[in-house]
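S.K.: only geometry, no sequence info:
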């Protein structure tokens, strides 16, 4: 129990103390963030060795209590959140002199971590609603850190997110109407394929897709992620949109009656196709570099959604592995992308893609970080992105889905196009944009770190695959 | 007892016309006032009818806070604000 | 039916009549300020009658609570009536001022 | 039984009315109010469900009451935050 | 039969108020109608035998919503001249969705599922309180409540990032003296609600919301100058609910034999719940009050 409790309460308690004594915030923050890392690693090892664990909070037994469950996937997500939280805040610390974020960043980022951890652990429909709401509010509060220019995107984000959680809540209420149970594992296999459950699951799915910015419900995402400060965008893109995706996975793999699965698979697959194609095209066309990365998030989420759709249709372990490998590798790669682009933007004073001209000369490290992370987004071997795509291709080949193989190839070409759009410009050494001040090295290294981690994932591919394939 | 309840609600229903039709802001605010006092009466009767003594607390709460909305209105939209020009003055 | 109960019902009925009269006044009176009178006076009286009517049927503790509620309603009704009247009077006295959108900053 | 379905129907219609306001707007403040109306519809659905055992002479479902109470707090907090954002948005020099 | 007629009229009133609020021409009318809608919701909760919710709704709807909405309204400089929105397209779509939802809610079985309620009743005796709603909130599903307090805190933190000052002008003497007269009563009533929560409808949130309304009324009448985030005591109390909750959770996890997060030892449960609730009430009251009236003077967003 202790590791799970500490992973949630330590950041929470740290945030409370920071609010009381703002002066000590940074010291406290790094003490906690560093301390959480070994905790999360040991928790992951413990769960992989001795199998999944679960608790009924308050010791009230099933039905009455809220259930926490720590399986391989959950502990992996816990570890990734802790890692990214540490990396991003180290980046924020390293640029503190140059362009400091408001002091509220420290408690808010700890609260973000706490609410994410609560979400990964929870297996209760209503508790997940509260976690979702919490996550949405922290995310919006973090977006407002970049000042007045982010007000309108932040408000839109908040309104969309509230509407989405209300949809989800309505679905929960309808399920409770039929069964009087909120516990997901207890509801597994219980739901009949009737009209009421169909409506409930549709509403929940719509709400979650809106929150996870699945195409075509992604309209709020580019503005919100592009207007937030770069480290915040990194956290939002890497972690926050994955929360609702996780709930979606839980709902459809454990809760939904088998009769609904084909329809849901078609819905999700077409959303994924739209996301991969239109997200990619939007990323190629946008003039702003941060919007490019934000649209790429929309496109990349498409891969994960596609994998989810095929989990529902074919039930192959390859697809489960593919989905979560996409999520993990995207989390790391996208954090690196946003940090690198943020660094480039600040140093070159450049919001537009065009102004990144010659960046490989002026800021080679940051550009390298972007290129390495981009390689994983495209799926170049041997990155994490490649692993994910390979698993997906393998699954598609086995189930003989040749149309989707083609779609995947086209989507890959699109992502290659938007990554190379930046890289090619950066290697154009004719008339590089002059930096406003001499580039700092430490933040660039910190941006490179998650990008390298994605490639390190390939080394651990075997244990990762076995861990994720057990999920089914 | 139910009849009393119905008639009280009916008196609110009469007020509804004012709150929608207006014509001034004062009329609408008055109807909130009416809803407050009839609401208190309804709660008293309901508490008797459903045997829920806690509803008396609800009534007390509404009664105490009845002046809260007007106070907020006066503070926020009162005279010294230039930007309340067009509020509620459609004759 | 005891006399007490009869009294109680009579009072309740009378209270409801006052409520209805107040609402009718709200509907029929010509201008807003007379409507103000109709609502606040009649309703407070109506509530008082309902309270007394119900008190006759209930435990003394509940009766005390109801009496307290009535007192509070009288107070806050009077206060909010004043506030609303003055607010709306001022609004009518001050004609439209020129727009000044930058006022807030 | 009839009143149970009556309140359920009201809840569904409140959801409709709220969605209409959310779509149509046009002011942001009205959209925020509309979200609250939708919330009220969902809470009404849940409270009617909690009332269901009363029809069979049992006490109302206290778990649902607790959930709605939690939901109310969340709704109020979110509304207050949205209104704060709105206030800043409108106060900003154009 | 009579009660059914009452229900019909009440539902019609609710729907009309909500519809009028959504469609009214002027924003200030929409806000007024919405406040009336809040009062009617409290009546509906009372009718549906949910006194806890009626209390909460009354405290929020009558006290806080008005202050919140009028504050936002003061920002709209007159009518901003929005184009008249289209009605038909949304109306058709929404009508279709409502019809679908109506059909769905009529599919809900009238037969209740009672297993969970039975479980609550079974364990009520060892929960430390005798009011089931409080038992669910502070014991059976205490984790939800802790997170809910966190949501409230986050709303305040978020709102503090976007301060927008409205000057407070001198209150009218009548409302000032009324607010002074009211404050001891509000304090008493919320203490009473908090205390009653253990055995009867009431509890931390209702008491907190009521107290918050009182603080807001006083603050809007230019009193309580100390009510500010900069004030260390206020800040401590705002965080006190969560701190008490987390500390109680960790402390009881340290006790021998307690292996699970947020499980109160049976003998101490009543005391722990009262302690947590007391701090939570103060925290809720101050947080809501700060959220609704904002800071008294302009300060930079980060402390």
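M.R.: Cool, the structure landed. Because the structure is a prediction, the values reported are computed rather than measured.

S.K.: helices along chain C, start to end?
M.R.: Assigned by DSSP state H, chain C shows helices spanning C:3-28, C:32-55, C:60-93.

S.K.: for chain B, same thing?
M.R.: Counting by DSSP H, the helices of chain B are B:2-21, B:25-49, B:54-64, B:68-77.

S.K.: can you tell me which of the helices of chain C is nearest to residue A:144?
M.R.: In terms of CB to CB, the element of the helices of chain C nearest to residue A:144 is helix C:60-93, at 33.7 Å. Heads up, the C-betas are built off the backbone N, CA and C, glycines and all.

S.K.: compute the inter-axis angle for that closest one and helix B:25-49.
M.R.: Relative orientation of helix C:60-93 and helix B:25-49, computed by axes from the mean of the first three to the mean of the last three CA atoms, to 10 degrees: 170 degrees.

S.K.: and helix C:60-93, what's buried?
M.R.: For helix C:60-93, a neighbour-count test (16 or more other CB atoms under 10 Å in any protein chain shown) marks C:62-63, C:65-66, C:68-70, C:72-88, C:91 as buried.

S.K.: any part of that helix near chain B?
M.R.: Yes. Using CB under 8 Å from any CB of the partner chain, we find that helix C:60-93 touches chain B at C:62, C:65-66, C:68-69, C:72-73, C:76-77, C:79-81, C:83-88, C:90-92.

S.K.: related to what we said a few turns ago, just the buried residues of helix C:60-93 that are near chain D?
M.R.: Near chain D, by the rule CB under 8 Å from any CB, you find none of these.

S.K.: right, and the helices of chain B - which one's nearest residue A:368?
M.R.: helix B:68-77 (55.0 Å).

S.K.: could you give the separation of the closest one from the chain centroid?
M.R.: Relative to the centre of its chain, helix B:68-77 is centred 14 Å away, using CA atoms, centre = their mean, to the nearest Å.

S.K.: cool, and stretch A:67-76?
M.R.: 17 Å.

S.K.: got a markdown table for the helices of chain B, with mean neighbour count, distance to chain D and mean pLDDT too?
M.R.: Shown next, in a markdown table, are the helices of chain B (neighbours: other CB atoms under 10 Å in any protein chain shown; distance: least, CB to the nearest CB, whole Å; pLDDT from 0 to 100):
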| stretch | mean neighbour count | distance to chain D | mean pLDDT |
| --- | --- | --- | --- |
| helix B:2-21 | 21 | 13 | 84 |
| helix B:25-49 | 26 | 14 | 86 |
| helix B:54-64 | 27 | 12 | 90 |
| helix B:68-77 | 27 | 11 | 79 |
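
S.K.: and these: which comes nearest residue A:395?
M.R.: Closest among the helices of chain B, using CB to CB: helix B:54-64, at 58.0 Å.

S.K.: does chain C sit close to the closest one?
M.R.: Yes. Using CB under 8 Å from any CB, helix B:54-64 reaches chain C at B:56, B:59-60, B:63-64.

S.K.: can I get these in a markdown table with distance to residue E:101?
M.R.: Below are the residues of helix B:54-64 next to chain C laid out as a markdown table (distance: CB to CB, whole Å):
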| residue | distance to residue E:101 |
| --- | --- |
| B:56 | 35 |
| B:59 | 33 |
| B:60 | 36 |
| B:63 | 36 |
| B:64 | 37 |
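
S.K.: from these, pick the one nearest chain C.
M.R.: Nearest to chain C, judged by CB to the nearest CB, of the residues of helix B:54-64 next to chain C is residue B:63 at 4.3 Å.

S.K.: wait, is residue A:69 part of a strand?
M.R.: Yes. When classified by DSSP: H, G, I helix; E, B strand; the rest coil, residue A:69 is found to be part of a strand.

S.K.: name the residue of the stretch 351-472 of chain A with the shortest distance to chain B.
M.R.: Across the stretch 351-472 of chain A, no residue is closer to chain B than residue A:351, which sits at 34.4 Å (CB to the nearest CB).

S.K.: what sits closest to the closest residue to chain D within the stretch 301-450 of chain A if chain neighbours are left out?
M.R.: Chain D sits closest to residue A:351 of the stretch 301-450 of chain A, with a gap of 20.4 Å, by CB to the nearest CB. Spatially, and ignoring its direct neighbours in sequence, residue A:351 is nearest to residue A:288 (5.6 Å; CB to CB, 6 or more residues apart in numbering or on different chains).

S.K.: ok, residue C:83 next?
M.R.: Residue C:83 sits nearest to residue B:70 (CB to CB, 6+ apart), 4.3 Å away.

S.K.: that neighbour contacts residue B:26, correct?
M.R.: No. Applying CB atoms under 8 Å as the test, residue B:70 and residue B:26 come out as separate, 10.7 Å apart.

S.K.: can you list residues touching both of those two?
M.R.: Listed as contacting both residue B:70 and residue B:26 by CB atoms under 8 Å, 6 or more residues apart in numbering or on different chains are C:84, C:87.

S.K.: what mean pLDDT does stretch A:232-239 have?
M.R.: Mean pLDDT, computed over stretch A:232-239, is 92.

S.K.: can you pull out the low-pLDDT segments for chain C?
M.R.: For chain C, applying pLDDT under 70 flags the ranges C:1, C:93-105.

S.K.: again, 50 this time
M.R.: Residues of chain C that meet the criterion pLDDT under 50 lie in C:95-105.

S.K.: what residue in it comes nearest to chain E?
M.R.: Nearest residue of chain C to chain E: residue C:79, at 4.6 Å (CB to the nearest CB).

S.K.: and the spatially most distant residue from the centre of chain E, what pLDDT?
M.R.: Residue farthest from the centre of chain E, counting by CA atoms, centre = their mean, is residue E:256 at 36.6 Å. In this model, residue E:256 is scored at 79, pLDDT.

S.K.: for residue A:156, see how far away residue E:64 is.
M.R.: Residue E:64 sits 25 Å away from residue A:156, going by CB to CB, to the nearest Å.

S.K.: those two: which is more packed in?
M.R.: For residue E:64 and residue A:156, the more surrounded residue by other CB atoms under 10 Å in any protein chain shown is residue E:64, and the numbers stand at 27 against 18.

S.K.: residue contacts, the more buried one?
M.R.: Counting by CB under 8 Å, 6+ apart, residue E:64 touches D:76, E:209, E:212-213, E:216, E:288, E:292.

S.K.: again, only using 6 Å
M.R.: E:213, E:292 (CB atoms under 6 Å, 6 or more residues apart in numbering or on different chains).

S.K.: then residue A:455?
M.R.: By CB under 6 Å, 6+ apart, the contact set of residue A:455 is residue A:383.

S.K.: now do the SS call for it.
M.R.: Of the three states, residue A:455 takes helix according to three-state DSSP.
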